[in-house]
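**Student:** model the structure of this input:
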Amino acid sequence: MNVTIIGTGYVGLTTGVALAYLGNHVTCVDVDQEKIEALRRGKAPIYEPHLEDLMALAGHNLSYTTSFEEAVPGADIVFIAVGTPSTAAGSPDLRYVQAAAAAVGRNLGDGFTVVINKSTVPIGSGNWVESLVADAYEAARGAKPNQRFAVASNPEFLREGSGLADTLYPDRIVVGSDSPRALELLNVLYRPIVEQSFAPPKFLPRPEGLAAVPLLTADLASAELIKYAANAFLALKISFINEIAQLAEKVGADILQVARGI
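**Tutor:** Purely as a prediction, here's the structure:
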């Protein structure tokens with residue numbers, strides 16, 4: 001499958017390299033020319049254990065470019081994995097998502113393309129991205145896209161320092177779309193991970209006992225909410241166990257034993 005990754009930050013690059021290792025033809029796009037030149041030399045712009053090793057193994061399936069015109073038209077799947085930093089008011093800055101979506105719309109090919117929000121975006125952004133892609137396509141072509149693409153959400157649950165392992169051996173994969181055709185393509189894309197049918201890299205062995213990975217399918221809005229709910233639940237659990245740790249210290253209990261017990 002032909003996959004394009006827009007954004008070569010932590011999420012985008014880790015996802016792209018892992019998908020290339022699984023046999024997909026992956027093109028990574030970034031507007032930073034220096035970053036692209038470093039990637040072409042096999043140098044990762046971020047630190048992630050074994051990332052450059054996997055880049056070398058999957059090198060025949062990887063290419064890097066600053067050109068949307070080169071990367072988008074032949075893609076079956078396009079991941080938008082750009083940054084969404086917080087503004088001074090605390091809301092996410094979506095200008096990079098907006099620019100990426102417009103670039104995708106201007107350069108859509110003649111086949112069907114799934115456009116995936118991989119960035120952490122507010123709920124409802126999938127519909128917004130869909131309108132951005134459609135408007136850019138119409139402005140560039142003078143015609144409506146006529147179901148030439150569909151938008152999906154595929155939230156990430158990566159931990160820095162174990163991003164590759166979390167990609168190849170996740171505890172679940174969440175995909176959301178209102179398009180059955182898009183969901184079918186994503187099922188094909190992730191089948192090697194779901195079935196754990198790929199040969200693991202020697203430096204990233206498969207966890208013992210892992211035979212399959214759950215693939216959770218949802219509608220677009222539900223998949224977007226899953227990401228925020230998962231983040232909030234993690235913060236809740238951390239806050240809760242910290243409170244219990246303070247109580248344990250006061251009563252002379254061992255918090256590790258308590259955590260194991262609950």
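
**Student:** where along the protein do the strands fall?
**Tutor:** For the chain, the strands defined by DSSP state E cover 2-6, 25-29, 62-65, 77-80, 113-117, 149-153, 173-177, 215-218.

**Student:** can you say which of those is nearest to A103?
**Tutor:** A103 lies closest to strand 2-6 among the strands of the chain, at 7.6 Å (Cβ to Cβ). Bear in mind the C-beta positions are built from the backbone N, C-alpha and C, glycine included.

**Student:** and the lengthiest helix in the chain, what other elements does it pack with?
**Tutor:** Longest helix of the chain, by residue count under DSSP state H: helix 220-251. Here helix 220-251 touches helix 125-141, strand 149-153, strand 173-177, helix 255-261, going by 3 or more Cβ pairs under 8 Å, 6 or more residues apart in numbering; DSSP states H and E.

**Student:** so for I5, which of the ones you listed sits nearest?
**Tutor:** By Cβ to Cβ (comparing all of those), the closest turns out to be strand 149-153, at 14.4 Å.

**Student:** ok so, going back, quick check: buried residues in the longest helix of the chain?
**Tutor:** 220-221, 223-227, 248 (16 or more other Cβ atoms under 10 Å).

**Student:** same check, this time on stretch 133-141
**Tutor:** Going by neighbour count (16+ other Cβ under 10 Å), the buried part of stretch 133-141 is 133-134, 136-137.

**Student:** max pairwise distance over the residues you listed: which two?
**Tutor:** Applying Cβ to Cβ across the buried residues of stretch 133-141, the maximum distance is between A134 and A136, 7.4 Å.

**Student:** which neighbours do the two have in common?
**Tutor:** G105 (Cβ atoms under 8 Å, 6 or more residues apart in numbering).

**Student:** just send the helices and strands packed on helix 220-251 back as a markdown table, with mean pLDDT and distance to N107 too.
**Tutor:** Formatted as a markdown table, the helices and strands packed on helix 220-251 follow (pLDDT from 0 to 100; distance: least, Cβ to Cβ, whole Å):
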| stretch | mean pLDDT | distance to N107 |
| --- | --- | --- |
| helix 125-141 | 95 | 8 |
| strand 149-153 | 97 | 11 |
| strand 173-177 | 97 | 21 |
| helix 255-261 | 96 | 50 |
